[in-house]
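K.L.:
Sequence below, structure please.
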Amino acid sequence: MQYNTIHIVKYFNRFNHFWGMILILTFILPSIAFSQSSPETVNLGTAGDFVILAKTGISCTGSTQITGDLGISPAAATYITGFDLIADASTTFSLSSLVTGKVFAADFTEPTPTKLTTAIGDMETAYTNAAGRLLPDFTELYSGNLTGKTLIPGLYMWTTTVLVGDAGVTISGSENDIWIFQIAQNLEIANGAIVTLAGGAKASNIFWQVAGQATLGTTAAMKGIILSKTAIAMYTGATLSGRALAQTAVTIDANTVIAPSTVTSIEENTKLLNFSLSQNYPNPFNPSTMIKYSIMKATQVSLKVYNILGVEVATLVNGHQNAGSYRVQFNTSQGKVNLASGIYFYRLEAESYVDTKKLILLK
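P.N.:
As a prediction, the model looks like this:
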């Protein structure tokens, strides 16, 4: 429907000034989004006890690091693959060297099956709640291509696939603000794309409700709670600060997944779980590879490369950095010496957080 000046005047005459403005914003300026305030948060219920929760399968390949609990139901533990599960004596959960937390499956001993049934139900309820929110602040914004954009708090709605290209996207707001993204098709986070949080925005307050599949590309850095009607696929080196809650399966390939922190004190905000160092990609490499890491508060950061004898061969980062996710390319030409094929190590230091990973140069 088209509205001209005469129509606008008629509406102003018929209604008061306030309602006239509402009509103009609703019908005449659909491409301009005005977020009145943050929406109410999405209650995850007991699904929020899990960093990864799925119904049909959780598969893993590569060097993966997961911080938080995993759960699967109604599928059995045999549908959790690649984790080399070690059953606890209680038979209510299992452990894995890849998981800092516990792994639960529907065929474990009670109360685990009941716990998982409740969590799956809460996950589905949370998805329905997020999908059912009305009166979006932003409709079909940027035709679904969020690359290079900055997103303020609010309720967003798309009937299309949503894409974040390799230039990434920034989510900006305060620590109390909420973002809900209603996506009727797929969510695609491109290779190398970084979802950056600014102004105090928290991953725990960002909800990606995806009717199709959510795909995190190679070395992508994702933030927020993913509520997928179907599958969540994470490709080599991708990281997630948030939760992967899928109504089918979750696939993982050399990823880092960290549950978003719920800050209750200053001390809790400095937990080591707020920092992460990802496996470089590609690995093996020649002549260059990408190293990704995240820091959850402004601090002094050091990222250096050493040979197998512990001799420093390259300094990639040495300075103060703000909270966020970073990508650093290591090229053999950056080294202090001509590097030969072999095994090297890169080491991240940020406050009390220290992590070292192996990389392989093949010439």
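K.L.:
Quick check: closest non-adjacent residue to Leu303.
P.N.:
Val317 (3.9 Å; CB to CB, 6 or more residues apart in numbering). The C-beta positions use only the backbone N, C-alpha and C, and glycine is treated the same way.
K.L.:
got it, and Val51?
P.N.:
Gly68 is the one closest to Val51 (CB to CB, 6+ apart), at 2.8 Å.
K.L.:
Make sure that neighbour is actually in contact with Ile52.
P.N.:
Yes - Gly68 lies in contact with Ile52 (CB atoms under 8 Å); the separation is 7.3 Å.
K.L.:
Name the residues contacting each of the two.
P.N.:
Residues touching both Gly68 and Ile52 (CB atoms under 8 Å, 6 or more residues apart in numbering) are Arg243, Val257.
K.L.:
between these two, who's got more neighbours?
P.N.:
Ile52 (28 against 19; other CB atoms under 10 Å).
K.L.:
Against Leu163, how distant is that one?
P.N.:
24 Å (CB to CB, to the nearest Å).
K.L.:
Likewise for Val313?
P.N.:
Distance of Val313 to Leu163, given as CB to CB: 38 Å.
K.L.:
ditto for Thr218
P.N.:
Distance from Thr218 to Leu163, by CB to CB: 15 Å.
K.L.:
what does Thr147 give?
P.N.:
Per CB to CB, Thr147 is found 7 Å from Leu163.
K.L.:
shared neighbours of those two, anything?
P.N.:
With CB under 8 Å, 6+ apart as the test, Thr147 and Leu163 both reach Ala190.
K.L.:
out of the two, which sits in the more crowded spot?
P.N.:
Shown here are Thr147 and Leu163; by other CB under 10 Å, Leu163 has more neighbours (18 against 14).
K.L.:
so what does the one helix or strand the more buried one maps to touch, helix or strand wise?
P.N.:
Element membership for Leu163, per DSSP states H and E: strand 162-164. Packing partners of strand 162-164 (3 or more CB pairs under 8 Å, 6 or more residues apart in numbering; DSSP states H and E): strand 187-189.
K.L.:
Show me what the strand it packs on is in contact with.
P.N.:
161-164, 181, 195, 208, 210, 212-217, 220, 222, 226, 228, 238.
K.L.:
again, only this time at 6 Å
P.N.:
By CB atoms under 6 Å, 6 or more residues apart in numbering, the residues outside strand 187-189 that reach it are Val162, Leu163, Val164, Trp208, Val210, Ala214, Thr215, Leu216, Gly217, Ala220, Met222.
K.L.:
Can you get me a residue count around the last one?
P.N.:
Applying the criterion other CB under 10 Å, we find 28 residues in the vicinity of Met222.
K.L.:
correct me, but it touches Thr215?
P.N.:
No - contact criterion CB atoms under 6 Å: Met222 and Thr215 do not qualify, at 10.1 Å.
K.L.:
What average pLDDT does stretch 162-182 get?
P.N.:
When pLDDT is averaged over stretch 162-182, the result is 93.
K.L.:
now the end-to-end length of that stretch.
P.N.:
Start-to-end span of stretch 162-182 (CA to CA, to the nearest Å) is 10 Å.
K.L.:
Stretch 279-291 too?
P.N.:
Note: stretch 279-291 ends 7 Å apart using CA to CA.
K.L.:
Specify the local secondary structure of the residue nearest to Leu303.
P.N.:
strand (DSSP: H, G, I helix; E, B strand; the rest coil).
K.L.:
pLDDT score assigned to it?
P.N.:
91.
K.L.:
just Leu29 next, same as before
P.N.:
In this model, Leu29 carries a pLDDT of 37.
K.L.:
what does Ser278 give?
P.N.:
For Ser278, the model assigns a pLDDT of 85.
K.L.:
got it, and Lys229?
P.N.:
97.
K.L.:
OK, contacts around it?
P.N.:
Ala211, Gln247.
K.L.:
try it again with 10 Å
P.N.:
124, 127-128, 131, 183-184, 209-214, 246-248 (CB atoms under 10 Å, 6 or more residues apart in numbering).
K.L.:
among these, which two are most distant?
P.N.:
Thr128 and Gln213 (18.3 Å; CB to CB).
K.L.:
Need the nearest residue in space to Thr46, chain neighbours excluded.
P.N.:
For Thr46, the spatially nearest residue (CB to CB, 6+ apart) is Ala119, at 4.5 Å.
K.L.:
ok, and for the helix or strand where that neighbour lies, which residues are buried?
P.N.:
For Ala119, the host element (DSSP H and E) is helix 112-131. Buried residues in helix 112-131, counted by 16 or more other CB atoms under 10 Å: 112-113, 115-116, 118-120, 122-124, 126-127, 129-131.
K.L.:
and the residues you listed, which two are the farthest apart?
P.N.:
Pairwise over the buried residues of helix 112-131, using CB to CB, the maximum falls at Thr112 and Ala131, 28.4 Å.
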